[in-house]
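Participant: Could you look at this predicted model? Sequence included:
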Amino acid sequence: MKRKLIFTALGGAVLALGSGGIALASDATNPPTMSMSQNAAKPGSDAWITARIKTELSTARDIASADINVTTDNGVVMLSGKLDNQRQVKETVAIAKSVKGVRRVVSTQLKVHAG
């Protein structure tokens, strides 16, 4: 019995360290459970939507994605920052709207550089 508990504890520690920050907890009687950070990475979750939009923006041609802030709350995406022209604003909004799970995009704080 001691050997089984030690093995389970060591296995859980190795799993937690080797899973890139996603810890799974288990013992001899309970199945593994997901941590909160793993739950947030599910498609359609706010964290997943935000990450997906940022990824899509980073690969978009002619959009300085580092200048755009993206936050998501219950599927509502808020975009803010400054871009070079109105075409980039429209493209940024279209990219955000195209992501699964987005209910609405608020872009009132997404501005075009003056001058």
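Facilitator: Arrived safely, thanks for sending.
Participant: domain parsing for this protein?
Facilitator: Each domain of the chain is listed here as a residue range: 2-39, 46-112, per automatic domain parsing.
Participant: which helices and strands does the strand or helix carrying residue 96 pack with?
Facilitator: Take DSSP states H and E as the rule and residue 96 turns out to sit in helix 86-97. Counting contacts by 3 or more Cβ pairs under 8 Å, 6 or more residues apart in numbering; DSSP states H and E, helix 86-97 is packed against helix 46-59, strand 76-83, strand 104-112. No exception for glycine: its C-beta is placed from N, CA and C like everyone else's.
Participant: where in this structure is pLDDT low?
Facilitator: When residues are selected by pLDDT under 70, those of the chain lie in 1-41, 115.
Participant: please redo it, this time with the cut-off set to 50
Facilitator: Along the chain, segments meeting pLDDT under 50 span 1-27, 34, 36.
Participant: Could you tell me the angle between the helix holding residue 96 and strand 104-112?
Facilitator: In terms of direction (axes from the mean of the first three to the mean of the last three Cα atoms, to 10 degrees), helix 86-97 departs from strand 104-112 by 160 degrees.
Participant: Only C-alpha atoms, please: export helix 86-97 in CSV.
Facilitator: Coordinates of each C-alpha in helix 86-97 appear next as CSV, following Å, rounded to 0.1, in the frame of the first residue of the first chain:
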residue,chain,number,x,y,z
GLN,A,86,-9.5,52.5,-41.4
ARG,A,87,-9.0,49.4,-43.5
GLN,A,88,-6.8,47.9,-40.8
VAL,A,89,-9.5,48.7,-38.2
LYS,A,90,-12.1,46.9,-40.4
GLU,A,91,-9.9,43.9,-40.9
THR,A,92,-9.1,43.7,-37.2
VAL,A,93,-12.8,43.6,-36.4
ALA,A,94,-13.5,41.1,-39.1
ILE,A,95,-10.8,38.8,-37.7
ALA,A,96,-12.2,39.0,-34.2
LYS,A,97,-15.7,38.3,-35.4
